[in-house]
Every structure is written in C-alpha cells, then in structure tokens.
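Enquirer: how would this look folded up:
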Amino acid sequence: MPDKKTIEKAREDKREGKSPSTQAGEFVREEIEKVRQGKHGARSPQQAIAIGLSEARRAGVDLPPPKKGKVKESTRKSAEYAYEAGQGERKPKRRPRVSKAVSEVLEHEPKDTASHEVLSQQAKRAASRRTAEERSAAAEKAAETKGASGRSAAARKAVRTKGTRGRKEAAQKAARTRAHHA
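Expert: Got it, this is the predicted structure:
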C-alpha cells in the first residue's frame with residue numbers, strides 16, 4: 001500500500017501536466033526506498049520497478065498495460081488487472097493468503113538489488129535500448145515541463161556536482177536551451 005505522501009506527489013505531478021510515467025516514478029521511488037530500508041527485498045531492480053508500476057496503476061495513474069508481445073503474457077494480464085482496478089473498472093478481490101505469501105517471499109529476496117550501483121546499471125541498459133532520437137525527445141520534453149526555475153536549479157546542481165569540464169558543458173547546454181526556448 002503506497003504512502004499518502006507518494007499518492008499526493010503523483011497527483012501534484014498530474015496537475016503540473018507531467019506524463020503518467022513520471023507520476024508512476026513516485027511509486028517506483030517509494031518501492032526502491034522500501035527495499036533499501038529492508039522492509040522487503042527484490043530479486044532484481046526490474047522487479048522493484050515492476051512492483052512500483054503496479055502500485056501506480058492500482059492508485060489510478062493512467063499508465064496502460066504493455067502491448068501484447070512486449071512482455072510475458074502473465075505480466076501483461078497482471079498489469080491489465082491493476083490498471084482496471086485503478087480506473088474503477090473492476091473491484092479488486094481481497095486475497096489475504098496470497099498477499100501474505102507474496103510478502104513472505106519478498107522478505108527472503110536480496111536487499112542489495114536497489115543499490116545505487118545496480119540501479120545505475122539498469123538505467124544505462126534501459127537507455128541503450130532507446131534510439132538517440134528518442135532520448136533527445138525525452139530530454140526536450142523534460143526541459144519543457146521543468147520550467148525556468150527548474151532548469152536554473154538543474155544548472156546550479158551541475159555546477160556543484162560536475163567537474164570543470166562538466167560545468168563548461170552544462171553552461172553550453174544551458175545557452176542552447178535558452179536560445180531554443182527564446
């Protein structure tokens with residue numbers, strides 16, 4: 001069950017016009033935190049992400065299930081069920097025995113699958129499956145929804161966290177972005 005804070009953050013993202021995947025990101029972040037705190041484990045970072053996406057669908061985030069052939073049929077059915085439950089199209093049945101069994105299995109899974117290093121590797125693998133054009137389009141959309149103050153904050157963070165070369169690249173990118181949005 002997601003925290004009220006997580007649901008509120010997702011609703012705020014929706015009000016700001018952010019995409020359903022961004023809204024779902026709040027639930028994924030919460031799930032990763034649960035694994036890091038040791039509340040339960042996950043067999044892989046993908047499993048932690050999948051649990052978060054399922055929670056998001058159940059909470060009403062408009063994140064349609066994957067198309068046929070993209071994932072295993074059982075995964076797609078599960079996503080479909082969660083989506084329908086979240087959209088109010090079906091009333092979910094309470095299954096305490098199944099719920100308890102799943103919780104017990106997750107408790108015995110490793111907790112280091114949500115480490116920064118492992119998640120970084122997962123993100124790089126996911127990005128490598130997308131084309132440069134798709135990555136660029138996503139970055140442009142992110143810059144649009146971030147707003148002026150958000151872009152400014154990102155530039156300030158880049159100055160703090162990147163070396164001399166990184167700062168120079170960040171400044172050049174900021175100049176290009178300003179020119180693009182002018």
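Enquirer: now the spatially most central residue of the chain: how far from Ser19?
Expert: The residue lying closest to the centre of the chain (Cα atoms, centre = their mean) is Gly25, at 2.7 Å. Separation of Gly25 from Ser19 (Cβ to Cβ, to the nearest Å): 9 Å. Using the backbone N, CA and C atoms, a C-beta is placed for each residue, glycine as well.
Enquirer: Quick one: end-to-end distance for stretch 123-132.
Expert: Taking Cα to Cα, to the nearest Å as the measure, stretch 123-132 stretches 15 Å from start to finish.
Enquirer: what's it in contact with?
Expert: With Cβ atoms under 8 Å, 6 or more residues apart in numbering as the test, stretch 123-132 has contacts from Arg135, Ala138.
Enquirer: Could you give the average pLDDT over it?
Expert: Regarding stretch 123-132, the rounded mean pLDDT is 93.
Enquirer: rewinding a little: give me the element the residue nearest to the centre of the chain is part of.
Expert: Taking DSSP states H and E as the criterion, Gly25 maps to helix 20-37.
Enquirer: could you dump that helix to CSV, C-alpha only?
Expert: The C-alpha atoms that make up helix 20-37 are tabulated as CSV, following Å, rounded to 0.1, in the frame of the first residue of the first chain:
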residue,chain,number,x,y,z
PRO,A,20,1.9,9.2,-16.5
SER,A,21,5.3,7.5,-16.4
THR,A,22,6.6,10.5,-14.3
GLN,A,23,3.7,10.1,-12.0
ALA,A,24,4.4,6.4,-11.7
GLY,A,25,8.0,7.3,-10.9
GLU,A,26,6.9,8.4,-7.4
PHE,A,27,5.7,4.9,-6.7
VAL,A,28,8.8,3.3,-8.1
ARG,A,29,10.9,5.6,-5.9
GLU,A,30,8.9,4.6,-2.8
GLU,A,31,9.3,0.9,-3.7
ILE,A,32,13.1,1.2,-4.1
GLU,A,33,13.3,3.0,-0.7
LYS,A,34,11.4,0.1,0.9
VAL,A,35,13.9,-2.3,-0.5
ARG,A,36,16.8,-0.2,0.7
GLN,A,37,15.3,0.1,4.2
